[in-house]
Every structure is written in C-alpha cells, then in structure tokens.
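Chemist: What follows is a predicted protein model with its sequence.
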Amino acid sequence: MLKKLVPLCLLACIALAGCSSANKITKDLLISSEPPGATVFLDGDKIGETPLKVQTFFTWNKDELYNSLLRRVIQVKKDGYESQVRDLYPIDMPTIQFLLNHENTKGDAK
C-alpha cells in the first residue's frame, strides 16, 4: 500500500511545483552510516563518504514523462561490510541512514 502512495505523493508535489513543462526539484540530503566512513554512490557516481551532506535534484517533464527523473539510486560501500542499495525519492528527504552489516566470510563460520 505504501509503495502505491509514494508515486502519488510525488506526482502531487510535482504538480504543485509549477506549470512549466520541465521542473527541477532540488533538495538537501544528509547521508549517514553506522559505522561512518562508507563510500557513497549516487546513480553510480562516487560522491563522497559518510557522513555526507549533498544537494541533489529530481526532474519532472510533463510533456516527456520518460525523460523525467523521479527516482535516484543511492549505494554505500565499506570494506568488511555488505554494500547496500536504496531507491531515493524526493519524499525520503532530508536524511537517510544506513546500518551496515559485517560481511560473512568463510573463515568466520566454525
């Protein structure tokens, strides 16, 4: 049910943003992890290490829906921990936190 509400909320926010054919929504985002020091990737591009404050954007083009960017992909990686990937929507702002789990290695199980 919640997954159905997210796109509807996004469309409502975008509709209220203006009447031009292309709108850009810019948001501040604070990315943190436990433990800190994880490398952060946004849409596959390395943008820094946690904790990290960045400004990101989403676009909406009512004339060309398929050229709109309503979802970003955020990934964190840290040596010795499992990497995590999440979809990021404007409604998820302004903070996102990752709780990293230790990697399972063959030497750990006895």
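Modeler: Received it, and whenever you're ready, just let me know what you need.

Chemist: Excluding chain neighbours, what is closest to Ile74?
Modeler: Leu88 (4.8 Å; Cβ to Cβ, 6 or more residues apart in numbering). Using the backbone N, CA and C atoms, a C-beta is placed for each residue, glycine as well.

Chemist: what sits opposite the one you found in the beta ladder?
Modeler: Arg72 (DSSP bridges).

Chemist: Any idea how many residues pack against it?
Modeler: 19 (other Cβ atoms under 10 Å).

Chemist: ditto for Ile74
Modeler: Neighbour tally, Ile74, other Cβ under 10 Å: 21.

Chemist: Please report the distance of it from Glu64.
Modeler: 25 Å (Cβ to Cβ, to the nearest Å).

Chemist: Spatially central, which residue of the chain would that be?
Modeler: Leu88 (3.0 Å; Cα atoms, centre = their mean).

Chemist: For that one, give me its contacts.
Modeler: Leu29, Leu42, Thr56, Arg71, Arg72, Val73, Ile74, Ile96 (Cβ atoms under 8 Å, 6 or more residues apart in numbering).

Chemist: Take these and lay them out in CSV including pLDDT.
Modeler: Formatted as CSV, the contacts of Leu88 follow (pLDDT from 0 to 100):
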residue, pLDDT
Leu29, 92
Leu42, 94
Thr56, 89
Arg71, 85
Arg72, 89
Val73, 92
Ile74, 94
Ile96, 91
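
Chemist: Out of these, which comes closest to Gly48?
Modeler: Leu42 (9.3 Å; Cβ to Cβ).

Chemist: all strands in the protein, in order from the N-terminus.
Modeler: 22-34, 39-42, 45-49, 52-61, 72-77, 84-88, 95-99 (DSSP state E).
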